[in-house]
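Participant: From the sequence below, what's the structure:
(one chain, ligands or ions: 1)
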Amino acid sequence: MKYAIIIPDGAADEPLQELNGKTPFEAANIPNMDRIAMEGRQGTARTVPDGFESGSDVATMCLLGYDPKVYHTGRAPLEAAAQSIPLSATDWVFRCNLVTVVDDVMKDHSSGGISDAEAQKLLGDLSPLERRIIRALPAALRTRAALRTARALVRETYPGSRAIMRLKRGTASIDLRGSLFCEVRETSILPLCGFYASAIARVLQQFALRADAQVTECRAAGGRKGCLLSVVVSGITADEPAAAA
Ligand SMILES: [Zn+2]
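Facilitator: Okay, the predicted model is just below:
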C-alpha cells in the first residue's frame, strides 16, 4: 500500500477583515479538497509534541513517523540534507535569512533584494538561443525585449502579480499590480516592492544593459496610485561581447 501525503502547510492562515472574518482557506474555492473531505474521513492529529516549537520541520518529521525527540536537531540539518550538502557528525550547520530591519523592527523577511545568481536562475526558462538573440539586438530593441522578459518574470513570481510597462526615451515606467509584498495591513516606512525593482534591473543587466531601477511610489508605504517603479536604461555595458553578425 502506498500513501500520498499532501500537506497544505500554513494554508489555514488567520481570519481577515477584508474576507468578512474568514481565513483565506475558508474563503478559497477548493472543490477538489471539498470532495476529498466529503468522501473521505476527517480527524485531527497533534503533529507537534509538547516542548517543541510549532514549525514545518517538527510537524513533518512526526507525520513521517520520526520521533522529533530522537531525530530533531534543528531545521538547518534538514535543509542541508534537502540540498544534498554532506555533513559529518561533528559539523555544525546554520540556516540564515537576509532581512530588512528598520528601527529595530523587521520590515521584510526577504531583504527586498535579489542576487545575480537568483536572477540567473529565474532567467533559466529562456533558451540560450533566445538570450543570444536578445543580447545581439541594438540597445532600444534589446531594452524592449528585456522588459518583456522582466514582465513575464513578475507574472511568474506570483500568479496575481502583473507589470504594466511603458517605455519612453530610455525610461520605463512600470505600474506594478498585485505586488506580493505590498498588501500589508499597516503602512510601512519603506516601500516593500524593492524586490521587483531590483529583479527588473538585474534582468536588464543580464542582457548587458546599464539599468537603474527605483520605486517611485508604493502602496504599502501609503502610495495612492499603487506601486510604481521607474527604470532608467542608460546604454550598453562595456563588457558587452561582440554582437553576432
Ligand atoms: Zn509596493
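Participant: how close does the closest residue to residue 11 other than its chain neighbours sit to residue 32?
Facilitator: If the residues on either side of it in the chain are set aside, residue 11 comes closest to residue 25, at 5.0 Å by C-beta to C-beta, 6 or more residues apart in numbering. Backbone N, C-alpha and C define where each C-beta goes, glycine included. Residue 25 sits at a distance of 14 Å from residue 32 (criterion: C-beta to C-beta, to the nearest Å).
Participant: Mind jotting down where the helices sit in the protein?
Facilitator: With DSSP state H applied, the chain shows helices at 24-27, 31-39, 56-63, 68-71, 75-82, 116-122, 128-136, 139-157, 194-206, listed in chain order.
Participant: out of the ones you listed, which comes closest to residue 188?
Facilitator: Nearest of the helices of the chain to residue 188, taken as C-beta to C-beta: helix 194-206 at 10.9 Å.
Participant: now the angle between helix 139-157 and the closest one, please.
Facilitator: What separates the directions of helix 194-206 and helix 139-157 is an angle of 140 degrees, with axes from the mean of the first three to the mean of the last three C-alpha atoms, to 10 degrees.
Participant: Just want the angle from helix 194-206 to helix 128-136.
Facilitator: Going by the same axes, to 10 degrees, helix 194-206 makes 80 degrees with helix 128-136.
Participant: who does helix 194-206 touch, helix- and strand-wise?
Facilitator: helix 116-122, helix 139-157, strand 171-177, strand 209-217, strand 227-236 (3 or more C-beta pairs under 8 Å, 6 or more residues apart in numbering; DSSP states H and E).
Participant: so which of the ones you listed comes closest to residue 37?
Facilitator: Of the helices and strands packed on helix 194-206, nearest to residue 37 by C-beta to C-beta is helix 139-157, at 30.8 Å.
Participant: remind me which residues of this structure are low pLDDT?
Facilitator: For the chain, applying pLDDT under 70 flags the ranges 96-101, 107-125, 238-245.
Participant: what does it put close to the ion?
Facilitator: Residues of the chain found near the ion (C-beta under 5 Å from the ion) are 179, 182, 193, 218, 220, 227.
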